[in-house]
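K.L.:
sequence unavailable; structure follows:
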């Protein structure tokens, strides 16, 4: 069945780059997403990449997709304390008439001042 | 500002009681969704609706019910049949079912 995996915790120093990794199993994915969740809040869509792309850059965020290995990563440059949050990787795949979105368990990013 | 509004932010349920969580969006999105989030886990889909007056069960629909009488509104009822309702509930919407989903700020439901 479909599955999305992420490491649960990551700790980095302020100013360093953070790299959050994700693997997925469904080769028929259409979109792959990164969401950010701050404590007690909903999920904020950070960025997404279509499955036929390799890379997408948006200011401090860089998404890399390796379709062969089914590996997605999110790089945050110059990580700030405000980046501390849980980051969810998600994939969508066509299931009948509905693009079902499968979420990973989330990676809790801690930024050390 | 356009967005998704969930209310209340916190909700308490007594034994045997049904409670209803509100979700309203003014984004003119056709599709709406309800997810449940438990600590340390990803989101699990409860119900989704692609269009007004239509909705489908997700992966964990048992003990829940929904309605979609208006495009803007997708309320979720947690019935007494849901034996473990304590969780964080998230509502989302998208332009269409193949488009990125946008989330509300969630409702935290607890048992008294």
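P.N.:
It's in. What you are looking at is a predicted structure, and each value in this text was computed from that prediction instead of being measured.

K.L.:
interface residues of chain B facing chain A?
P.N.:
B:4, B:6, B:40-43, B:45, B:48, B:50, B:56, B:90, B:92, B:97-98, B:100-106, B:108 (Cβ under 8 Å from any Cβ of the partner chain). C-betas here are computed from N, CA, C, even on glycine.

K.L.:
list buried residues within those residues.
P.N.:
For the residues of chain B next to chain A, a burial check counting by 16 or more other Cβ atoms under 10 Å in any protein chain shown picks out B:4, B:6, B:42-43, B:45, B:48, B:50, B:90, B:92, B:97, B:100-106.

K.L.:
among those, which are in helices?
P.N.:
Of those, none are assigned to helices by DSSP state H.

K.L.:
just the ones of those residues in strands?
P.N.:
The strands, defined by DSSP state E, take in B:4, B:6, B:43, B:45, B:48, B:50, B:90, B:92, B:102-103 from these.

K.L.:
surely residue B:30 touches residue B:95?
P.N.:
Yes: taking contacts as Cβ atoms under 8 Å, residue B:30 lies within contact range of residue B:95: 6.6 Å.

K.L.:
which parts of chain A are strands?
P.N.:
For chain A, the strands defined by DSSP E cover A:4-6, A:9-13, A:18-24, A:29-37, A:43-50, A:55-58, A:61-66, A:71-76, A:85-95, A:98-103, A:107-112.

K.L.:
any chance of these in JSON lines, plus distance to residue B:22?
P.N.:
Putting those into JSON lines (distance: least, Cβ to Cβ, whole Å) gives the following:
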{"stretch": "strand A:4-6", "distance to residue B:22": "29"}
{"stretch": "strand A:9-13", "distance to residue B:22": "34"}
{"stretch": "strand A:18-24", "distance to residue B:22": "32"}
{"stretch": "strand A:29-37", "distance to residue B:22": "21"}
{"stretch": "strand A:43-50", "distance to residue B:22": "18"}
{"stretch": "strand A:55-58", "distance to residue B:22": "33"}
{"stretch": "strand A:61-66", "distance to residue B:22": "32"}
{"stretch": "strand A:71-76", "distance to residue B:22": "32"}
{"stretch": "strand A:85-95", "distance to residue B:22": "24"}
{"stretch": "strand A:98-103", "distance to residue B:22": "22"}
{"stretch": "strand A:107-112", "distance to residue B:22": "29"}
